[in-house]
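Asks: return atomic coordinates for the entry below.
(chains A and B)
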Number of protein chains: 2
Amino acid sequence: MRERVMTGDRPTGKLHLGHFVGSLKRRLELQESHPMTLLVADLQAFTTHAERPEEVRMAIRDVMLDYLAVGIDPARTTIALQSLLPELAELAAIFGLLVTVGHLHRNPTIKAERASLGIDEEQLTYGFLGYPVSQAADIVGLGGVLVPVGADQIPHIEEARRIVRRFNSLYGEVLAEPRALVGHFPRLSGVYGRDKMSKSLGNAIFLADPADVLRKKVRQIYTDPTRLRVTDPGHLEGNVVFEYLDAFDPDPEGLAALKERYQAGGIGDVAVKERLVEILDALLAPIRERRTLWEQEPTAVERLLQEGSERARAIARDVLSQVRSAMGLPLRL
Amino acid sequence: MRERVMTGDRPTGKLHLGHFVGSLKRRLELQESHPMTLLVADLQAFTTHAERPEEVRMAIRDVMLDYLAVGIDPARTTIALQSLLPELAELAAIFGLLVTVGHLHRNPTIKAERASLGIDEEQLTYGFLGYPVSQAADIVGLGGVLVPVGADQIPHIEEARRIVRRFNSLYGEVLAEPRALVGHFPRLSGVYGRDKMSKSLGNAIFLADPADVLRKKVRQIYTDPTRLRVTDPGHLEGNVVFEYLDAFDPDPEGLAALKERYQAGGIGDVAVKERLVEILDALLAPIRERRTLWEQEPTAVERLLQEGSERARAIARDVLSQVRSAMGLPLRL
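Replies: Down below sits the predicted model:
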């Protein structure tokens, strides 16, 4: 049997094109060849959304709908909800004994995320600092060996590996070291350029956006500010329309020809954007359609999440009992 | 019904006279009037004993035997094992979102414990820093309202109160603020004076010490180094024999007379120590005897811990489901 892939999302809103190119597409490929677990990390979402519980709750449903809509198959891929798996909290408490505060403070991902959210020393919660510990528990506890990540998430996997090595050195060779599967397309700009696409920055095209919203957002995309007339030569660097075309256009030859015309001053932004709308709509229309169907079956969606969580929990129970037994903790009640 | 008392011990060794005067005696009194839960905090023990799991395992049994030997009545008082209560780990994970790292670093108890154990920044584990968070989860999760503590532990209770207020302000008035019941006799010196009595410092008289070991340890007690002959006036300050007599002598008038004779130079250390041996042996002999009886019933002792843990877990489940429901987390699997 192939090694289990483990990944997931913090439910803080609907998924967008950035998720699609950065992770969902890869998961759809991996689903064909590997057992996979997707964790909807609702407790993790509270590290930044403790004051907005309602948003987390809505987002659990949205992320689940987005997964099903893009083609994650719950018969093959296990979709589980973090807060339904108490074993992960127990494992995180144990792992927290094996990592120092100094090391967590130096974790580059934590540093970058703190900087982008503007979290200073006095605002940094214990839970936020422990993100890598909790993530290590999620991966290991769900039997994950391969973890598809963007380059910015590699330090978390390194942390998980360190924790596993430390555990094994203290209590015996019980746990397997997970490995990062680094994606080749980790980042998509938001529609206004500069920043990464993100719900909180208001620059995202969501998988669930209706056709008219999609069209409107594409119209707002940042292109080439130096270009005033259609006949001016256009620039591709920093031009978000072409970034998206690079990511989504299924016809590379047609795209190469379009780029040439654009740089020569032979085609206007409106026409290029029209092409992008068509490409994105061709991608999103079936996703949108499947999403609408699932939206009408809230009980079935909830049941899928329950069933997935039960399957995941069986693995987590097994991992935890190996961990407990290695540490000499008494068995369960 | 009276408010529930909640306290406990980290199982890192047998209990000693310091525990007796600092906490066990008070618990025996409280047991008469209040529902009480004693938590054997084995996961907490790993914060300092991660590399010595076997010691923790042995100490779980020892602490349990010591409780039963001093007269904790498992029919009235719930004795529970922390690692058998996964709800406490879940609650701790949630509470960790509500407290900042800066605040934990400034916790005076954590600072003092770090100093006494010589734990610098690079050795401080995430789990150790989170001690107050985990303790708050233990107290609140087990329905504890009154927490008997030594003065040095008050900051932990303050932390628990802050967390509860923060939780209630975010998610509604769900949790009760625990209160500290500060003991009047929180600290006993070790036999060599200066330091607090502590297993790790090797200066403790254990409740389980046989009579001959007790006698030998009392002989080693630090008294008055300035006194060379029986006829020299003796000093009471810093004199550990008299500290113990103050703590354990059931005859205050006899003790006052003895102190006068000692200060006047009318009685030798050997005679005073002989009196202390008699007093301590009168206290410890029945404890020792009950301990020996329970030692012969390991299965019964284990069953008591299991049953207590089950009772405690019913409370923890209830608290956690109120917490989850207030946060809008879905119900359990």
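Asks: is it fair to say residue A:143 lies in a strand?
Replies: No. Secondary structure assignment places residue A:143 outside any strand; it is coil (DSSP: H, G, I helix; E, B strand; the rest coil).
Asks: and the strands in the stretch 151-300 of chain A?
Replies: Along the stretch 151-300 of chain A, counting by DSSP state E, counting those that start in this stretch, strands occupy A:179-182.
Asks: number of nearby residues for the residue in it positioned nearest to chain B?
Replies: For the stretch 151-300 of chain A, the nearest residue to chain B under the criterion C-beta to the nearest C-beta is residue A:170, separated by 6.2 Å. Every C-beta, even on glycine, is put in place using the N, C-alpha and C of the backbone. Here the count is done by other C-beta atoms under 10 Å in any protein chain shown, and residue A:170 has 17 residues near it.
Asks: can you check the pLDDT for it?
Replies: Residue A:170 carries a pLDDT value of 96.
Asks: surely it and residue B:50 touch.
Replies: Yes. Proximity of residue A:170 to residue B:50 meets the contact threshold set by C-beta atoms under 8 Å, at 6.3 Å.
Asks: lowest confidence element among the helices and strands of chain A?
Replies: Confidence across the helices and strands of chain A bottoms out at helix A:108-117, with a mean of 86, counting by mean pLDDT, DSSP states H and E.
Asks: does the helix or strand just after it reach chain B?
Replies: Past helix A:108-117, further along toward the C-terminus, the next helix or strand under DSSP states H and E is helix A:126-129. Yes. Using C-beta under 8 Å from any C-beta of the partner chain, a contact is recorded between helix A:126-129 and chain B, made by A:126, A:127, A:128, A:129.
Asks: out of those, who's the most crowded?
Replies: Within those, most neighbours by other C-beta under 10 Å means residue A:127, with 28 neighbours.
Asks: what's the local residue count around residue A:220?
Replies: Look at residue A:220: counted by other C-beta under 10 Å, it has 12 neighbours.
Asks: got the confidence number for it?
Replies: At residue A:220, the pLDDT value in this model is 92.
Asks: my read: it touches residue A:190, true?
Replies: No. Counting by C-beta under 8 Å, no contact exists between residue A:220 and residue A:190, whose distance comes to 10.3 Å.
Asks: so who does the residue of the stretch 151-300 of chain A closest to chain B touch?
Replies: Neighbouring residues of residue A:170 by C-beta atoms under 8 Å, 6 or more residues apart in numbering or on different chains: A:98, B:50, B:51, B:53.
Asks: what's the answer for residue A:139, then?
Replies: A:6, A:147, A:157, A:160, A:178.
Asks: ok, now how distant is it from residue B:299?
Replies: 39 Å (C-beta to C-beta, to the nearest Å).
Asks: count of residues packed around the closest residue to residue A:13 other than its chain neighbours?
Replies: Nearest non-adjacent residue to residue A:13, counting by C-beta to C-beta, 6 or more residues apart in numbering or on different chains: residue A:199, 4.0 Å away. By the measure other C-beta under 10 Å, the count of residues near residue A:199 is 17.
Asks: is any part of the top helix by length along chain A close to chain B?
Replies: With residue count as the measure and DSSP state H as the assignment, chain A has helix A:298-327 as its longest helix. Yes. For helix A:298-327, a contact with chain B is found by C-beta under 8 Å from any C-beta, at A:306, A:309, A:310, A:313, A:324, A:327.
Asks: any buried residues in that helix, and which?
Replies: Burial within helix A:298-327, assessed by neighbour count using 16 or more other C-beta atoms under 10 Å in any protein chain shown, is assigned to A:301, A:304-305, A:307-309, A:311-313, A:315-316, A:319-320, A:323-324, A:326-327.
Asks: so what's residue A:214 up against?
Replies: With contact taken as C-beta under 8 Å, 6+ apart, residue A:214 is in contact with A:205, A:277, A:280, A:281, A:284.
Asks: one more pass at 6 Å, please.
Replies: In this structure, residue A:214 makes contact with residue A:280, judged by C-beta atoms under 6 Å, 6 or more residues apart in numbering or on different chains.
Asks: what's the burial count for residue A:210?
Replies: Using other C-beta under 10 Å, residue A:210 has 12 neighbouring residues.
Asks: could you check the pLDDT of it?
Replies: 96.
Asks: so what's it closest to, chain neighbours aside?
Replies: When the adjacent residues along the chain are set aside, residue A:210 lies closest to residue A:288, with 7.1 Å between them (C-beta to C-beta, 6+ apart).
Asks: need the residues of the stretch 1-150 of chain A near chain B, please.
Replies: Counting by C-beta under 6 Å from any C-beta of the partner chain, the residues of the stretch 1-150 of chain A lying close to chain B are A:46-47, A:50, A:53, A:57, A:83-84, A:86, A:89-90, A:93, A:96-97, A:99-102, A:121-122, A:124-127, A:129-130, A:133.
Asks: in ChimeraX, how would I select just the buried ones from those residues?
Replies: Here is the ChimeraX command that selects only those of those that count as buried (16+ other C-beta under 10 Å):
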select /A:46,47,50,53,57,83,84,86,89,90,93,96,97,99,100,101,124,125,126,127,129,130,133
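Asks: alpha carbons only: can I get whatever helix or strand residue A:87 lives in in PDB?
Replies: In this assignment (DSSP H and E), residue A:87 forms part of helix A:86-95. As requested, the backbone C-alpha atoms of helix A:86-95 are provided in PDB (Å, rounded to 0.1, in the frame of the first residue of the first chain):
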ATOM      1  CA  PRO A  86      -9.600  14.400  20.800                       C
ATOM      2  CA  GLU A  87      -6.600  12.100  20.300                       C
ATOM      3  CA  LEU A  88      -4.900  14.900  18.300                       C
ATOM      4  CA  ALA A  89      -5.200  17.200  21.300                       C
ATOM      5  CA  GLU A  90      -3.700  14.500  23.600                       C
ATOM      6  CA  LEU A  91      -0.900  13.900  21.100                       C
ATOM      7  CA  ALA A  92      -0.200  17.600  20.800                       C
ATOM      8  CA  ALA A  93       0.000  17.900  24.600                       C
ATOM      9  CA  ILE A  94       2.600  15.100  24.600                       C
ATOM     10  CA  PHE A  95       4.600  16.600  21.700                       C
END
